Each structure stands twice: as C-alpha cells, then as structure tokens.
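*Asks:* give the three-dimensional model of this entry:
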Amino acid sequence: METLHIDTAQREEMIDITGLVQRTVRENGWNDGALLLYCPHTTGAVTVNEGADPDVKRDIVANMRRLVPHKGDYRHAEGNSDAHIKVSMFGPEQFLIVESGEVKLGTWQRIFFCEFDGPRSRKLWVKWLGI
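*Replies:* Residues are numbered from 1 along each chain as shown. This is a model prediction of the structure:
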C-alpha cells in the first residue's frame with residue numbers, strides 16, 4: 001500500500017489528483033489489475049468526474065454548499081457536520097481499472113480529492129490489487 005499526501009487550501013474544494021495517482025501506478029510498475037483509492041478521513045472523499053471544464057468542479061462545490069450548508073440544524077459539537085454529510089454522499093473510496101500501466105478513465109474523466117473541512121493535510125491510501 002502507498003500513502004499519498006495532499007495539502008488542501010480551502011474549506012471546500014476538489015483537487016485533481018489524476019496525475020499523482022497515475023505517477024504512483026507507473027513508479028510502482030503496476031500493469032494490469034485494479035486500484036483502490038481510500039480516504040481515511042471522515043471529512044474527505046474521492047470521486048471521478050469531468051475535469052475538462054473547471055466550471056464542473058465549481059458547480060459541484062457551490063451546489064453542495066447549497067444542499068448541505070455549513071450552518072444548519074446540526075448537533076455535532078465540532079461544527080463540521082456538513083462535511084460529514086457531504087462525504088457520505090460522495091464516499092471515501094474509488095475503485096479503478098489499470099491496464100498496461102495506465103489508469104483507465106473516460107475521455108473527460110479525472111480523479112478528484114474532495115475536501116469538505118479544510119484547509120488540512122490529508123492522506124489518501126492507494127492499494128494495488130493485481131491480477
């Protein structure tokens with residue numbers, strides 16, 4: 001297992017980690033199999049979505065803020081209940097196909113680390129599941 005380190009700069013943001021993940025695959029010589037990306041934080045997530053148009057990231061973050069506002073009818077004492085809810089909606093993991101040393105993604109797809117309670121220093125676990 002590899003551990004990637006991601007520093008976030010805002011309370012809520014989506015960081016394109018496609019290059020970082022692909023570099024990890026190449027450096028480890030992983031060729032054909034599957035890759036599990038897992039965020040061990042309760043307020044961070046991983047997703048795959050369009051990366052060609054930066055407005056997609058903006059739209060997702062802006063509308064998640066509207067759907068699950070920072071301040072609301074929450075009882076959790078740490079003040080980050082919205083972040084926990086958002087992670088439950090996205091999920092802490094992604095399972096990806098690797099073929100011939102390349103992460104298989106659609107034409108417009110990118111891998112994003114989703115920060116919902118930053119800025120923070122985050123970890124992302126990468127587990128190779130070869131065939």
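*Asks:* for the strand or helix carrying residue 64, buried residues please.
*Replies:* Using DSSP states H and E, residue 64 sits in helix 54-67. Of the residues in helix 54-67, 56-57, 60-61, 64 count as buried by neighbour count, 16 or more other Cβ atoms under 10 Å. Glycine gets a C-beta too; all of them are placed from N, C-alpha and C.
*Asks:* for those residues, which two are the farthest from each other?
*Replies:* 56 and 64 (12.5 Å; Cβ to Cβ).
*Asks:* helices or strands up against the lengthiest strand in the chain?
*Replies:* The longest strand of the chain (DSSP state E) is strand 121-130. Where contact means 3 or more Cβ pairs under 8 Å, 6 or more residues apart in numbering; DSSP states H and E, strand 121-130 is packed against strand 2-7, strand 33-38, strand 109-115.
*Asks:* most packed of the ones you listed?
*Replies:* Of all these, strand 109-115 carries the top mean neighbour count, a mean of 23, counting by mean count of other Cβ atoms under 10 Å.
*Asks:* let's test this: mean pLDDT of it, rounded?
*Replies:* Model confidence over strand 109-115, given as mean pLDDT, is 98.
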